[in-house]
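Undergrad: Predicted model and sequence follow; I will ask about them next.
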Amino acid sequence: MLTTHFVPGSPNWLDLGAPDVDAAAAFYSAVFGWTFQSAGPDGGGYGFFQRDGRTVGAVGPLTEEGAGSAWTPYFHTADANATCKAVEQAGGRVRVAPMDVFTAGRLAMLTDPTGADFAVWQPGEVKGLDVVMEPNALCWTELYTTDAAAAKDFYGSVFSWSYTDAPMGGDMVYTLASAPGAGQGDDTAHGGIMQLQQVHVDAGSTSEWHPYFGVADCDATFNTAVQHGATLLIAPMDTPGVGRLAMLMDPAGAPFALIKGDPSTT
């Protein structure tokens, strides 16, 4: 599971690139009760989503040409420069070279060989998110990919992730990913990898990472999101051993998911 005791390769930050930061802040405030805290006059419009004064994510204006609105997970690294070299050696691409963010830390923006964007964060004064695994906070990261085998090889090479495959029926497999040092047992995974079905690829789906946010009531939060302009991707549904989940696109087109844990697993 996710934790704020960050280890190399584990998710330690999450931000949203949005065409309209104020509109994004208003939407997520309505859905999750978050507040927006500006990073200040030198932040370029970037700011932090907070819940009870603790940072659960961030949002900033789109800065890359042709980029669409999307959530980006950041993975912990002790050396952003070395990770970028590993990414290139494994067939990925460095979109934004390592750069210092004042004294907060060092980041790089990357793309895996299947086309999914992600980032790394080398902590300075800011270690990462203040809260995860609580209602209205990040609870899971998930990769939809056009080539699950290639994605597993890539992230295994770059971050030394280990994997557990969980059959889903038919020829579908869901892969659980764990960072080294995350502990032992079935509860060490921080995210999942899932092969996009050909019918979705033919319809235009591409490789992408998206977050899951924990909620106290999946249906109520789903309905609130739709009422405020979100688009249905997957209606609320029960998944045994996991919980009740749903997936949407926010009004600007960024996909995200909701999950309420299965009480039978607690």
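TA: Nice, I can see it. Numbering: from 1, shown residues only.

Undergrad: lowest confidence element among the helices and strands of this protein?
TA: helix 198-202 (a mean of 83; mean pLDDT, DSSP states H and E).

Undergrad: then it to PDB, C-alphas only?
TA: Extracted in PDB, the C-alpha atoms of helix 198-202 (Å, rounded to 0.1, in the frame of the first residue of the first chain):
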ATOM      1  CA  GLN A 198      -7.400  -3.900 -28.400                       C
ATOM      2  CA  VAL A 199     -10.900  -2.600 -28.700                       C
ATOM      3  CA  HIS A 200      -9.900   0.400 -26.500                       C
ATOM      4  CA  VAL A 201      -6.700   1.000 -28.400                       C
ATOM      5  CA  ASP A 202      -8.700   1.000 -31.700                       C
END
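
Undergrad: just checking, residue 82 is part of a strand?
TA: No. Under DSSP: H, G, I helix; E, B strand; the rest coil, residue 82 sits outside any strand and is assigned helix.

Undergrad: ok, back up a step: helices or strands up against the least confident helix or strand of the chain?
TA: Helices and strands touching helix 198-202, by 3 or more C-beta pairs under 8 Å, 6 or more residues apart in numbering; DSSP states H and E: there are none. Bear in mind the C-beta positions are built from the backbone N, C-alpha and C, glycine included.

Undergrad: Please compute how far it lies from its chain's middle.
TA: 22 Å (C-alpha atoms, centre = their mean, to the nearest Å).

Undergrad: cool, and stretch 29-49?
TA: 18 Å.

Undergrad: Can you name the residues in contact with it?
TA: Outside stretch 29-49, the residues that touch it by C-beta atoms under 8 Å, 6 or more residues apart in numbering are 15, 21, 25, 28, 50-51, 55-61, 63, 102, 136, 213, 221, 224-225, 228, 230.

Undergrad: Mind giving me the PyMOL command for buried ones among these?
TA: To isolate in PyMOL the members of the contacts of stretch 29-49 that are buried, counting by 16 or more other C-beta atoms under 10 Å, one can use:
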select buried, resi 15+21+25+28+50+51+55+56+57+58+59+60+136+213+221+225+230
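
Undergrad: Enumerate every residue touching residue 238.
TA: By C-beta under 8 Å, 6+ apart, the neighbours of residue 238 are 244, 262.

Undergrad: Quick one: classify it as helix, strand or coil.
TA: strand.

Undergrad: what about the nearest residue to residue 222 once chain neighbours are set aside, helix or strand, and which?
TA: Once flanking residues are discounted, residue 222 sits nearest to residue 246: 4.6 Å by C-beta to C-beta, 6 or more residues apart in numbering. If you go by DSSP states H and E, residue 246 is part of strand 243-249.

Undergrad: Now do that strand: which elements does it pack against?
TA: Applying 3+ C-beta pairs under 8 Å, 6+ apart, we find strand 243-249 packed against helix 218-227, strand 231-239, strand 255-261.

Undergrad: Partner strands of it and their direction?
TA: strand 231-239 (antiparallel), strand 255-261 (antiparallel) (DSSP bridges).
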